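Engineer: quick check, what structure comes out for this input:
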Amino acid sequence: MGYCKKTLRRSAGGRAPAKQLKNDRKSFRKYMTAGQKVGTADYGSGKKKKKTSCVDYENTFFAHGFKTAVNPSESKDFAPRYSVACTRNPENGAVEFWTAMYFASKFNGKGIEMYGRRGVDLVLVCDVSGSMGLSFKGDSQRSYGGKTKLEVLKRSINTIMAQLRKGDRLSVVVFNHRPSTIIDLTPIETLDKKSLEESIDRLTSSGGTHLAEGLAAGLSQLGFRHDEDEEAAGEDAAPQQAKKLGLEENVKRTYFLTDMDSNLKDEKEVLEYIQKAAGNGMFTTVVGIDVDLSVGCTQKISCTSGCRYMSVSSIEEAQKTLIRDFPYEVSPIATEIHVHFAGTSILKGFGSSELLSIKPGQHKFRLSGEFASAITGNEAMGGVYLFKTQRPIDQKSNSITVKLAWKDSKLQQESHTATLSFPKAEEGGWYSDDDIRKAICLVHYVDLQEDYVQDESLDEDSSVTGRSKEQERELHERWFKRLATFRHVFDYHMDKVNESPERRLYILDTLKQMCAYEMKDIERLGGNAKALQAEIDGNAQDLKDKLIAAESGAPLSAKADPEPSLTKSSESLDFEVVDLPEGDVDDKDFKQQPSVSLDDATKVEAHASLISKAAISHIAKRGADLDGSIVKIDRDTIPVDDNSKEEQDLKESIVKVERATPMDDSDFAQAKKDVKGSNQKRGSMMGW
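Structural biologist: Sure, this is the predicted structure:
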């Protein structure tokens, strides 16, 4: 499916490894960024990252449970659920709007046993190259011997085999610099399991690595031909779509178990094969053995329908993950999920590699698919997609509409529309449920630790930077205050949602250690770190009181439909269900644009470059001149006379792009002159 299930590089749930926490800050920061390559990741913000922390939104969400995705009475394969929040940022006090999206299913938890999973034609493609003989001791201490990656792979094969049942078929292919088939696709009923287990046990690691050739050999067991003419393949696929997608037979899935120790060209070929095979109904799960693939690589896998990625770094972890998740990963419960936010625009998405490419101001995006989830206690681990959005355009009702269209497991078109209402922005401390509170708090933690490990100034030599001793101390004091204060904020919110001590301990340990690094430098530079710690701890109750006060306003309720209104057509969605283009959505694609009056326009406080195109097109028919300095207003929309109240309102509504504040008199006069001249050239008079 769309999202990737990742574990941290030799760590779990947002916590850095204990061994690394004992080292100095420079080693800690290096370790946290060394294990997660950026690769060709598409970040919607437009910013290019050279490195990123291995603690990200996705794997942090997956270390925590969310209840909204769990509905014991759910009778549908796929049912959207929502929650909303209006909060103030814990560091800068900015008002933020959030929407969380969850997918409930009758197959979640024990439902998979009650309703049964589909049969599967499964191919295990296993890397046995020389690098698989390395152990799990850390990059600088790797050696042959001990528990190796190959041992994990062998145990993983046996664990998966134990999950197969009557009607399933299995093939095993191994590869290093060339592939070899241990067993062709064979019905599980006739499989000689003992002989196969003995063959697997005899596997040794040697040789080089050709990932693409190994994957192609495995996919060929399902009928895939990587050198097949694409046009011919397309002609064949159209009339047999149901059959190719496994609706009349077993689901076709390949588990690609590898440490991905190869080169970029080879990795690129692997991704191409995965995408092409998915188009022919052959899905791939990449199991990273003791490795987290680059962000760019996981992003491409997660954007491919029916495909997934996970990583394991120990035999125990492999067994636990594969036993728990295998029944749910055989077949997606929904594919081609198109999501449309009306009445606001998205600033950023969290919880899946697919959401990384969302650009600020977008209204629509696509999820490649969704799988049912295992349930731990009464929670789905990581079962949330979170979005930070603009303030609702309709500030009277403070509501937005979220529309979904998707294909179910039988390729039937389904849709769902929900209206969600927020409290007024002035309240700035309201959550419709505990799940969204937890998710937002985890996002703030991930952002904080990402800022910390990315801050090169923390370990720069003062003789090079020219900073004085006092400036150095102030730098470390600022970081200490941020980290130590957030520890109290984090505890406050986790108390509110009754998060278990075990789950929150991982994050608190990491925050504590980062604080210790800064305390050490504060003392070294002549400061009193203990006094600073006492001051922050002494203000903890005041901080808690402020957080409580921020939530004391009377909230409005979230008005999501309790039961999705499903149709067999996407007509009610007001947009055609097609592959969306990269980047933002044009105004013409925003079919249900809200009507915005001049009075509404005067309330615009956001930076002009972040105001959605759709909103601007109704505030000003001529749209936003983001390369210049103003938003142009057409006379047909707003009649304006000099020195009138309308002119004053217009003056207040025009936003300076550079500084996001109303213009002063001289700026406004020049803007009027510029706009008038510009419109005269087009033969259109503004009336000024």
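
Engineer: lowest-confidence helix or strand of the chain?
Structural biologist: helix 598-601 (a mean of 33; mean pLDDT, DSSP states H and E).

Engineer: count of neighbours near residue 279?
Structural biologist: Counted with other CB atoms under 10 Å, residues neighbouring residue 279 total 15. Any C-beta I mention is one placed from the backbone N, CA and C, and that applies to glycine too.

Engineer: my error: substitute residue 478 in the last question.
Structural biologist: By the criterion of other CB under 10 Å, residue 478 has 11 neighbours.

Engineer: and it, what's its pLDDT?
Structural biologist: Reading off the confidence values, residue 478 has pLDDT 96.

Engineer: residue 411 too?
Structural biologist: What the model reports for residue 411 is a pLDDT of 80.

Engineer: ditto for the one 10 residues further on
Structural biologist: pLDDT, the model's per-residue confidence, is 92 for residue 421.

Engineer: can you spell out which helices and strands pack onto the longest helix that the chain contains?
Structural biologist: The helix of greatest length in the chain, counted in residues with DSSP state H as the criterion, is given as helix 469-496. Here helix 469-496 is seen to pack against helix 434-454, helix 501-524, helix 529-538, helix 540-550 when contacts are counted using 3 or more CB pairs under 8 Å, 6 or more residues apart in numbering; DSSP states H and E.

Engineer: what packs against the longest one?
Structural biologist: Other helices and strands packing on helix 501-524, by 3+ CB pairs under 8 Å, 6+ apart, are helix 18-21, helix 25-34, helix 434-454, helix 469-496, helix 529-538.

Engineer: same question, the last one
Structural biologist: Judged by 3+ CB pairs under 8 Å, 6+ apart, helix 540-550 is in contact with helix 469-496.

Engineer: repeat that for 10 Å
Structural biologist: In this structure, helix 540-550 packs against strand 79-88, helix 469-496, with contacts taken as 3 or more CB pairs under 10 Å, 6 or more residues apart in numbering; DSSP states H and E.

Engineer: next: the shortest one.
Structural biologist: If contacts are counted by 3+ CB pairs under 10 Å, 6+ apart, helix 529-538 sits against helix 469-496, helix 501-524.

Engineer: one more pass at 6 Å, please.
Structural biologist: helix 501-524 (3 or more CB pairs under 6 Å, 6 or more residues apart in numbering; DSSP states H and E).

Engineer: what's the angle between the helix it packs on and helix 434-454?
Structural biologist: Angle, helix 501-524 to helix 434-454, by axes from the mean of the first three to the mean of the last three CA atoms, to 10 degrees: 30 degrees.

Engineer: buried residues, helix 501-524. List them.
Structural biologist: Of the residues in helix 501-524, those with enough neighbours to count as buried (16 or more other CB atoms under 10 Å) are 503-504, 506-508, 510-511, 513-515, 517-519, 521-522.

Engineer: okay, now the unreliable bits of the stretch 1-150 of the chain?
Structural biologist: Where the stretch 1-150 of the chain drops to pLDDT under 70, the residues are 1-22, 35-50, 71-74, 136-146.

Engineer: all strands of it, in order?
Structural biologist: Secondary structure of the stretch 1-150 of the chain (DSSP state E, counting those that start in this stretch): strands at 65-66, 79-88, 95-104, 120-127.

Engineer: using JSON lines, lay out those strands together with distance to residue 29 and mean neighbour count.
Structural biologist: As requested, these are arranged in JSON lines below (distance: least, CB to CB, whole Å; neighbours: other CB atoms under 10 Å):
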{"stretch": "strand 65-66", "distance to residue 29": "30", "mean neighbour count": "25"}
{"stretch": "strand 79-88", "distance to residue 29": "29", "mean neighbour count": "24"}
{"stretch": "strand 95-104", "distance to residue 29": "28", "mean neighbour count": "23"}
{"stretch": "strand 120-127", "distance to residue 29": "31", "mean neighbour count": "26"}
